[in-house]
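*Asks:* Provided below for reference: sequence and predicted model.
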Amino acid sequence: MGGENVLKNKPAPDIYLKCAEELKISPVSCVVVEDSETGVQSAKSANMKCIAIPNRYTKDQDFSKADKSLNNIQKINVELINNVFQLA
């Protein structure tokens, strides 16, 4: 699923809300992995948890709204995801 499936693109939350709808799950039960500030804004606007993994092009963007920031996707595991959901 991509931006062509929704009316508004990121940073609007439409794409993530559409995904949750298609999966028949609540947005608050979702965790998004993003590599851009705009993507993080979109995920948080959808009321989802967000893990940021900046890349070489986005490393200087503001990822402060992400629930967790990592430097490597291989660090994502079930324990980390559970911890993200326990953050207040």
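*Replies:* That came through fine. Computed from a predicted structure; not experimentally measured. Residues are numbered from 1 along each chain as shown.
*Asks:* quick one, strands of this protein?
*Replies:* Along the chain, the segments classed as strands by DSSP state E run 31-34, 49-52, 68-69.
*Asks:* ok, now which ones touch the residue sitting nearest the centre point of the chain?
*Replies:* Centrality entry for the chain: nearest residue to the mean C-alpha point is Val32, 3.0 Å, by Cα atoms, centre = their mean. Counting by Cβ atoms under 8 Å, 6 or more residues apart in numbering, Val32 makes contact with 16, 39, 42-43, 46, 48-51. For every residue, glycine as well, the C-beta is placed using N, CA and C.
*Asks:* rerun at 6 Å
*Replies:* 43, 48, 50 (Cβ atoms under 6 Å, 6 or more residues apart in numbering).
*Asks:* ok, the second one touching Pro27?
*Replies:* So that's Met48. Yes. Between Met48 and Pro27 there is a contact at 5.2 Å, judged by Cβ atoms under 6 Å.
*Asks:* show me which of these two is the more surrounded one.
*Replies:* Taking other Cβ atoms under 10 Å, Met48 and Pro27 do not tie; Met48 has more neighbours (22 against 18).
*Asks:* nearest spatial neighbour of that one, skipping sequence neighbours?
*Replies:* Computed as Cβ to Cβ, 6 or more residues apart in numbering, the closest residue to Met48 that is not its neighbour in sequence is Cys30, at 4.3 Å.
*Asks:* quick one: the one you found and Gln86, what's the gap?
*Replies:* Distance of Cys30 to Gln86, given as Cβ to Cβ, to the nearest Å: 15 Å.
*Asks:* these two: who's more crowded?
*Replies:* Taking other Cβ under 10 Å, Cys30 and Gln86 do not tie; Cys30 has more neighbours (19 against 7).
*Asks:* quick one, helices of the chain?
*Replies:* Under the criterion DSSP state H, the chain contains helices at 14-23, 37-45, 78-86.
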